[in-house]
Structure formats: structure tokens, C-alpha cells
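In: here is a sequence with its predicted model. Questions after.
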Amino acid sequence: MMAVQKRSAGVRTLRLLLRTFLIVFIFLNIIAAFHAWKFTHFYDGAATVRLKPEQMSGWQKTKAALFGITYYKSENKEQPALPFKTIPLKTAGGLTLQSWYINKDSSKGTVIMFHGHGSSKSKILREAYAMHAMGYAVLLTDFRAHGGSGGNACTIGYDEANDVKAAYDYIQQQGEKNIVLWGISLGAATTARAISVFKLQPSKLIMEMSFGSLEQAVKGRVRIMGLPEQPIATLLSFWGGTEHGFWAFNHNPQDYVKDIQCPLLVQWGRLDARVTEAETQTIFANAASTAKKLVVYETAKHESLLDKEPEKWKNEVGAFLSQQ
């Protein structure tokens with residue numbers, strides 16, 4: 001009798017543990033799906049001051065962890081100080097992208113430039129001015145759901161590769177032979193995907209602070225929130241991809257670069273808390289290009305490398321663009 005009672009108690013305990021595990025598992029997935037949705041959607045509305053996770057207080061991070069962060073569509077708060085044209089571009093999916101084209105008489109070529117997540121083309125104007133001063137025309141494009149472009153959903157570079165192709169095709173149709181792609185953070189990762197998927201053939205590529213994989217990008221955000229990376233990063237990545245119709249764990253710039261044959265400049269800030277040195281080294285090592293260079297900015301975080309170390313940036317980028 002005692003043995004039967006013990007077995008019965010053991011079965012009840014096991015059932016309780018399994019039920020508890022199932023409830024926790026379901027709860028975590030619901031929270032992850034909710035957060036993934038909020039992170040990949042930008043809402044129309046009045047612009048508000050949005051703190052980066054690095055700038056948040058402990059209480060603000062706690063609220064963000066529990067309820068997510070509502071992202072409003074970014075704005076272009078300034079226009080180019082140089083003569084420019086506003087160019088509407090159409091993606092294969094029918095979205096309208098807003099671009100600024102700054103021409104250059106007798107230009108050496110055209111640099112097509114892409115901003116980071118939650119940013120806009122106005123935030124990379126300083127880099128554009130620097131490229132222009134080096135003798136290049138520039139085209140700055142707002143990704144979908146950013147700035148003046150259409151849409152509200154961001155797939156962290158997956159569908160945005162179509163935006164890169166739309167900008168590339170436009171410049172190519174103007175008869176340009178020397179096309180350089182430049183991207184920072186999300187912009188860098190997306191250019192790598194576009195080259196791999198659409199077989200684009202730019203003359204050169206500059207990637208600044210690209211994440212190695214979507215899961216690593218999520219880990220970086222989770223890390224700076226002070227939360228455990230796992231299982232949060234895996235769940236957020238899974239739901240982020242599922243909600244947008246793709247397998248998140250195949251969205252890896254560190255693999256896309258295996259198709260990059262053109263000269264490549266990879267740049268990264270030593271103090272970057274979002275993108276690790278290991279990610280950057282893997283991207284550099286995996287790139288198929290035989291003319292590639294990795295430059296590390298010792299005082300920079302995940303920020304504009306030009307703003308942080310202007311002379312070094314101008315020297316490195318200028319030398320890269322001028323090499324034959």
C-alpha cells in the first residue's frame with residue numbers, strides 16, 4: 001500500500017512539474033511573440049524622444065522588458081545642405097521609398113548609403129557630405145518603415161534587401177558604372193544580403209558595425225538591457241522571423257558575405273556593446289573578397305564612426321575608395 005501511495009504521489013508531482021513547465025513555456029512564447037512584434041513595427045504618430053537601451057534607467061529597462069517599447073516611425077529632421085533631388089523608388093513589393101540624390105559634377109562614381117534600425121537618411125548626412133567631398137555623387141535611401149518611406153514593418157534586413165536592390169537598380173539605370181554600397185549597422189547587414197540574394201555587383205562595399213546573424217543581433221539588444229541572452233534571444237528571433245514569414249536562423253550576414261567578391265572595408269568600434277568582436281572577425285574572415293580590410297576604432301561604441309574618430313574615418317574610407 002505504501003509503495004502504491006508513493007508511486008501515486010510521484011506521478012502527481014511529475015504531472016505538476018510538467019504542467020508548470022508547459023505553462024511557463026507558453027507564457028514565455030507569448031511574451032516573446034509580443035516583443036518581437038513591437039520591435040519590428042513602427043507606428044505613425046508624433047515623434048517622441050526615444051532612449052536607446054544603453055541610456056535607460058533600471059526602471060525604464062524593467063518596463064521595456066515587461067511591456068516592450070513602442071517605436072514611432074523615424075523622421076528626417078534635416079535636409080541636405082547641398083543641392084539635391086528627392087527620388088521616389090519602387091520596390092518589387094510595391095512600396096515607395098524616399099531617397100535623396102546629391103549629384104557631383106565629374107564624379108568618380110556614386111555611393112549608395114543606408115542607415116541603421118530606427119534611424120533615417122538624415123542621420124547619415126555627415127557621412128554623405130564626406131563621400132561627396134571625396135568626389136562622389138551620393139544616394140541616401142530610407143528603408144521601409146523609416147523616415148519618408150512607406151510601410152510600417154521592419155524585418156531587420158530580410159525584406160529590406162529589396163530596398164537596396166531598388167536603389168542599386170535606379171543608379172545603374174542612370175548609366176553609372178562605379179557603384180559603391182555603404183551601410184551602417186542594419187544598413188551594412190542588409191547590403192550584404194542584397195548582394196548575396198540578388199547577385200548585385202557593386203565596385204566596392206563598406207560595412208560598418210554589421211551584426212553577424214539575426215540571433216546575435218537580438219542577443220546584443222538583450223545584453224544591453226541587462227537580461228539573460230538565452231532563451232530570450234532564440235525565442236525573439238524565432239517569433240520575429242515567423243511573424244514576417246521567414247526562418248530567422250538563416251538570416252546571417254556572416255554567411256551572405258561569402259558571396260562578396262568586390263573590395264570590402266569592414267569597420268567596427270572597440271567599445272561596441274551590441275556587435276561583438278567575434279561577429280566582426282567572422283564577417284571579415286568569411287568574406288570571399290581578396291581585397292578586404294578590417295579597421296577597428298578604439299574609442300567608438302555602436303555609433304557614427306565618423307563622428308567619433310573623424311580623421312581616421314576619412315583617411316581609411318578615402319584610401320579604400322581611391323584604391324584600384
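Out: Structure's in. What do you need? Numbering: from 1, shown residues only.

In: just give me the neighbour total for I184.
Out: 27 (other CB atoms under 10 Å). For every residue, glycine as well, the C-beta is placed using N, CA and C.

In: looking at the protein, which helix or strand is least sure?
Out: None of the helices or strands of the chain scores lower by mean pLDDT, DSSP states H and E than helix 58-67, at a mean of 57.

In: elements contacting the next helix or strand after that helix?
Out: Sequence-wise, the next helix or strand downstream of helix 58-67 (DSSP states H and E) is strand 71-72. Strand 71-72 makes packing contacts with strand 42-43 when contacts are defined by 3 or more CB pairs under 8 Å, 6 or more residues apart in numbering; DSSP states H and E.

In: the strand it packs on pairs with which strands, parallel or anti?
Out: Strand 42-43 has the following sheet partners, assigned by DSSP bridges: strand 71-72 (parallel).

In: work out the gap between the partner strand and the centre of the chain.
Out: Here the centre of strand 71-72 is set off from its chain's centre by 16 Å, with CA atoms, centre = their mean, to the nearest Å.

In: who's in contact with the following helix or strand past it?
Out: Going down the chain from strand 71-72, the next helix or strand is strand 85-90, by DSSP H and E. Residues from elsewhere that reach strand 85-90 (CB atoms under 8 Å, 6 or more residues apart in numbering): 96-101, 103, 139, 141, 163, 166-167, 170.

In: just the buried residues of those.
Out: Taking 16 or more other CB atoms under 10 Å as the criterion, what is buried in the contacts of strand 85-90 is 97-101, 139, 141, 163, 166-167, 170.

In: so which two of these are the farthest from each other?
Out: Farthest apart among the buried ones among the contacts of strand 85-90 by CB to CB are Y101 and D163. That separation is 15.3 Å.

In: returning to what we had before: I'd like the buried ones among the contacts of strand 85-90 laid out as a markdown table, including distance to K301 and secondary structure.
Out: Output for the buried ones among the contacts of strand 85-90, formatted as a markdown table (distance: CB to CB, whole Å; DSSP: H, G, I helix; E, B strand; the rest coil):
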| residue | distance to K301 | secondary structure |
| --- | --- | --- |
| L97 | 29 | strand |
| Q98 | 29 | strand |
| S99 | 28 | strand |
| W100 | 27 | strand |
| Y101 | 31 | strand |
| L139 | 27 | strand |
| T141 | 25 | strand |
| D163 | 26 | helix |
| A166 | 31 | helix |
| A167 | 28 | helix |
| Y170 | 33 | helix |
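
In: can you give me the end-to-end span of stretch 281-297?
Out: 14 Å (CA to CA, to the nearest Å).

In: gap between the residue positioned nearest the centre of the chain and G269?
Out: Centroid-nearest residue in the chain: L186, 1.6 Å away (criterion: CA atoms, centre = their mean). Computed as CB to CB, to the nearest Å, the L186 to G269 distance reads 16 Å.

In: helices or strands next to the helix or strand encompassing L181 in the packing?
Out: If you go by DSSP H and E, L181 is part of strand 179-184. Contact here means 3+ CB pairs under 8 Å, 6+ apart; on that basis strand 179-184 packs against strand 110-114, helix 125-133, helix 161-173, helix 186-198, strand 204-208.
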